[in-house]
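**Student:** Only the shape, not the letters, is given here:
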Ligand SMILES: Nc1ncnc2c1ncn2[C@@H]1O[C@H](COP(=O)(O)OP(=O)(O)O)[C@@H](O)[C@H]1O
Ligand SMILES: CC(C)(COP(=O)(O)O)[C@@H](O)C(=O)NCCC(=O)O
């Protein structure tokens with residue numbers, strides 16, 4: 001597929017090799033140990049301390065500057081409004097990218113790094129899978145083959161959640177999803193209580209939608225973001241990561257009789273491989289091409305991963 005760097009003369013981005021990007025770390029201290037990084041990395045998306053040092057510390061330093069400037073703006077607005085109350089709301093970082101590109105690991109590592117800034121901000125992480133419609137509804141609406149597509153989410157609930165967070169509400173609940181049952185978990189929630197920073201991660205978080213003709217306010221999910229990150233890689237690489245992960249899961253998580261995919265652990269290697277290829281081609285690749293990749297140019301920062309899951313190029317939107 002395409003390279004990140006554009007052929008067109010104007011691009012809203014500046015592009016950096018991983019080596020160049022690493023230099024922007026400056027004096028940002030490394031606050032994670034190898035053991036902590038291993039705990040945060042998922043079995044299927046390896047990351048090591050070197051990658052944290054080279055890619056994540058510069059990212060942490062950049063985000064620190066952005067968060068600080070938004071806090072300064074908040075104080076100035078407070079001074080501007082005088083006696084009027086101004087509510088301090090969480091700084092929201094949106095994170096998008098394909099299935100199997102490694103969003104969860106990036107989000108978890110980033111969360112830990114941000115929480116270890118000297119100011120010790122409260123950082124929370126929410127994934128959008130909890131906002132998927134329950135399988136019962138997806139089946140009824142013939143959407144099981146579209147799990148992860150924009151129409152498989154309860155977009156209203158998602159927007160209500162972000163709107164409550166941005167209004168500074170306390171104890172806002174987000175529903176949870178289980179990869180074991182392949183379904184949302186009825187009655188299970190994570191409660192978000194006015195964090196300083198919220199990382200909001202999911203396939204479609206940069207998705208726009210049709211604008212209502214009547215001029216009423218219908219927000220995009222990304223309207224609530226202060227900063228957005230897209231995790232990118234060549235289509236063929238993500239494909240291979242998805243298949244490898246599926247084949248590993250077959251020997252681990254799918255062995256659990258309660259796993260939705262348990263039957264695939266009983267199949268021959270070839271038959272399971274064919275199932276994984278089908279899921280990739282019919283659901284995840286389609287979703288990547290139709291809905292996810294088109295949102296890439298909306299991100300403030302793009303991390304492009306290479307062969308061994310390492311970031312090889314970074315694109316940062318010019319201000
Ligand atoms: N069928 C599954 N069983 C167990 N865990 C899974 C399954 N599918 C995905 N996961 C885990 O769920 C998380 C999210 O996966 P995914 O949506 O593909 O995004 P990403 O790979 O970008 O983090 C990952 O940590 C992944 O390892
Ligand atoms: C649950 C997901 C839709 C990801 O959801 P997200 O947190 O990005 O909203 C995805 O991991 C998934 O399970 N996709 C369905 C196709 C498949 O089984 O690969």
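**Tutor:** Thanks, I have it. All of these numbers come straight from a predicted model, not from anything done at the bench. Ligands and ions are numbered 1, 2, ... in the order given.

**Student:** Skip the chain neighbours and tell me the closest residue to residue 308.
**Tutor:** Spatial nearest neighbour of residue 308, chain neighbours left out: residue 46 (7.7 Å); criterion: Cβ to Cβ, 6 or more residues apart in numbering. C-beta coordinates here come from the backbone N, C-alpha and C atoms, glycine included.

**Student:** Would you check how far apart that neighbour and residue 128 are?
**Tutor:** As judged by Cβ to Cβ, to the nearest Å, residue 46 and residue 128 stand 24 Å apart.

**Student:** before we move on, what about residue 213?
**Tutor:** For residue 213, the distance to residue 128 equals 27 Å [Cβ to Cβ].

**Student:** Same drill for the two, tell me which one is more crowded.
**Tutor:** Using other Cβ atoms under 10 Å, the more surrounded residue of residue 213 and residue 128 is residue 128, with 22 against 6.

**Student:** what's near enough to touch that one?
**Tutor:** 153, 158, 200-205 (Cβ atoms under 8 Å, 6 or more residues apart in numbering).

**Student:** mind listing what's buried in the helix or strand of the chain with the lowest mean pLDDT?
**Tutor:** Sorting the helices and strands of the chain by mean pLDDT, DSSP states H and E puts helix 34-40 at the bottom, at a mean of 89. Across helix 34-40, burial judged by 16 or more other Cβ atoms under 10 Å covers 37, 40.

**Student:** Quick check: nearest residue in space to residue 22, chain neighbours excluded?
**Tutor:** Spatial nearest neighbour of residue 22, chain neighbours left out: residue 54 (4.0 Å); criterion: Cβ to Cβ, 6+ apart.

**Student:** what sits against the one you found?
**Tutor:** 18-19, 21-22, 25, 311.

**Student:** change it to 10 Å
**Tutor:** With contact set as Cβ atoms under 10 Å, 6 or more residues apart in numbering, residue 54 has these partners: 18-19, 21-23, 25, 310-311.

**Student:** Run through the residues of the stretch 1-150 of the chain sitting next to ligand 2.
**Tutor:** Counting by Cβ under 6 Å from any ligand atom, the residues of the stretch 1-150 of the chain close to ligand 2 are 99, 127-129, 147-148.

**Student:** Turn those into JSON lines, columns for distance to residue 285, secondary structure and pLDDT.
**Tutor:** Below are those laid out as JSON lines (distance: Cβ to Cβ, whole Å; DSSP: H, G, I helix; E, B strand; the rest coil; pLDDT from 0 to 100):
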{"residue": "99", "distance to residue 285": "9", "secondary structure": "coil", "pLDDT": "98"}
{"residue": "127", "distance to residue 285": "21", "secondary structure": "strand", "pLDDT": "98"}
{"residue": "128", "distance to residue 285": "19", "secondary structure": "helix", "pLDDT": "98"}
{"residue": "129", "distance to residue 285": "19", "secondary structure": "helix", "pLDDT": "98"}
{"residue": "147", "distance to residue 285": "14", "secondary structure": "coil", "pLDDT": "97"}
{"residue": "148", "distance to residue 285": "11", "secondary structure": "coil", "pLDDT": "98"}
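
**Student:** Out of these, flag the one nearest to ligand 1.
**Tutor:** residue 99 (4.0 Å; Cβ to the nearest ligand atom).

**Student:** Could you give the number of residues near the closest one?
**Tutor:** Count around residue 99 with other Cβ under 10 Å applied: 20.

**Student:** for the residue nearest to it when sequence neighbours are not counted, phi and psi?
**Tutor:** Spatial nearest neighbour of residue 99, excluding adjacent residues (Cβ to Cβ, 6+ apart): residue 284 at 4.3 Å. Torsion angles at residue 284 (phi, psi; degrees, to the nearest 10) stand at phi -70, psi -40.

**Student:** Now do residue 284 against ligand 2, distance only.
**Tutor:** Residue 284 is 5 Å from ligand 2, where distance means Cβ to the nearest ligand atom, to the nearest Å.

**Student:** what about that residue, neighbour count?
**Tutor:** For residue 284, the neighbour count with other Cβ under 10 Å is 21.

**Student:** Surely it is in contact with residue 292?
**Tutor:** Yes: contact criterion Cβ atoms under 10 Å: residue 284 and residue 292 qualify, at 9.2 Å.
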